[in-house]
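> For reference, the sequence and a predicted model appear below.
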Amino acid sequence: RRRDGSAPPGPLRPVVERESGSGLDAVYRMRLELPPLDTSTLSLGRAGDDLIITVGGLRRRVRLASVLRRCIVAGAVLRGSELTVRFRPDPEVWPA
């Protein structure tokens, strides 16, 4: 429970799909529906196989799908409550 007694937010359920291309030219996207938030305090980071989402003082770790673990973040956009993060294959770890 939160300090104010309300229930904590439920688990984030990312949707991962290939947006375009193939091999090293592919672009993948991960979409997440976020709870209402103050977008001015939103920040993203990456720690190994996890995407770190920080809003205000709350931090959530989202485990990346296996295909995204071999990618680098290419960009992110927040539209309404949907966060979309785009990824490109990392040539150093992408299978030949």
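Perfect, thanks for sending it.

> got the end-to-end distance for stretch 37-49?
Distance across stretch 37-49, first residue to last, is 24 Å (C-alpha to C-alpha, to the nearest Å).

> mind listing what's buried in that stretch?
Neighbour-count burial for stretch 37-49, with 16 or more other C-beta atoms under 10 Å as criterion, is recorded at residue 37. Where you see a C-beta, it was placed from the backbone N, CA and C, and this is true even at glycine.

> And the contacts of it?
51-56, 61, 63-64, 69, 73, 76, 78, 81, 85 (C-beta atoms under 8 Å, 6 or more residues apart in numbering).

> which two of these lie the greatest distance from each other?
For these, the farthest-apart pair by C-beta to C-beta is 56 and 69; their separation is 27.5 Å.

> Out of those two, name the residue with the larger neighbour count.
Neighbour tally, residue 56 and residue 69, criterion other C-beta atoms under 10 Å: the higher count belongs to residue 69, 14 against 10.
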